[in-house]
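Visitor: What follows is a predicted structure for the sequence shown.
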Amino acid sequence: MASVDDERKVQIDKLFQVNDKIRTLLSRKLTEYAICHLANLSPSILSFGKEKYGKPKLLSHSKIFFNVSHCDSWIVCAVDEKPIGLDIEKITSLNWDTLEIFCSTSERNKLKKSKCPEFQYYQYWTIKEAMLKLMGTGLLTDPRKVMVFFLKGSLIKVNFENKEWQGESIRTDDGYVLSAVNTNNISKSILVSPDRFYE
């Protein structure tokens with residue numbers, strides 16, 4: 001594990017499954033690649049740490065923000081000049097019992113009327129998760145208070161405590177939903193997976 005910091009080595013060593021070890025290592029290497037590509041930096045000068053609630057951050061460059069998510073064989077990373085959140089999930093069956101945990105009443109009603117409830121369910125899920133990751137609070141913030149609005153195409157708007165964020169939510173060819181949220185145009189960000197590169 002050359003060029004992997006000691007803290008990350010300890011984290012990887014604690015994992016039992018080989019696939020989890022590989023995924024964790026790839027997540028860091030993809031993050032380094034995306035950051036260095038965006039900011040024209042060398043990986044050797046990057047220093048990582050954590051915020052108050054455990055959100056990873058770049059200690060060496062305070063004006064560069066990133067977020068990582070993975071699901072099955074997907075690993076994605078987003079990098080921007082402002083805080084950004086990212087999440088990817090596989091579309092499976094819709095569990096109506098979980099809706100009250102993270103969807104508002106109006107969002108639940110829209111899902112019941114949707115022609116593609118499973119897809120929209122995971123859009124809500126990944127968008128809200130991306131927003132919570134952007135803020136770095138996780139489920140300490142009530143996801144029902146994160147309001148999601150679908151705009152034209154893949155574009156979205158997110159409102160929380162009278163503030164507004166932009167984002168995108170897409171369905172991949174292999175049945176996953178990928179959502180990203182920040183204050184900029186998402187097209188300026190970088191999303192990376194082992195076999196794909198978006199810029």
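Guide: Everything's here; your move.
Visitor: Next secondary structure element downstream of the lengthiest helix in the chain?
Guide: What stands out as the longest helix in the chain, according to DSSP state H, is helix 18-39. Per DSSP states H and E, the first helix or strand lying C-terminal to helix 18-39 is strand 48-50.
Visitor: Show me what the following helix or strand past that next one is packed against.
Guide: The helix or strand immediately downstream of strand 48-50 is strand 56-58, counting by DSSP H and E. For strand 56-58, the packing partners by 3 or more C-beta pairs under 8 Å, 6 or more residues apart in numbering; DSSP states H and E come out as strand 48-50, strand 65-71. All C-beta spots, glycine's among them, are computed from the backbone N, C-alpha and C.
Visitor: contacting residues around the nearest residue to K90 once chain neighbours are set aside?
Guide: In this structure, K90 finds its nearest non-sequential neighbour in Y176, 5.2 Å apart by C-beta to C-beta, 6 or more residues apart in numbering. Under the criterion of C-beta atoms under 8 Å, 6 or more residues apart in numbering, the contact list for Y176 reads 71-72, 74, 88-91.
Visitor: Please determine how far the most centrally placed residue in the chain is located from I75.
Guide: Among the residues of the chain, L86 comes closest to the average C-alpha position under C-alpha atoms, centre = their mean, at 1.6 Å. From L86 across to I75, the span is 11 Å (C-beta to C-beta, to the nearest Å).
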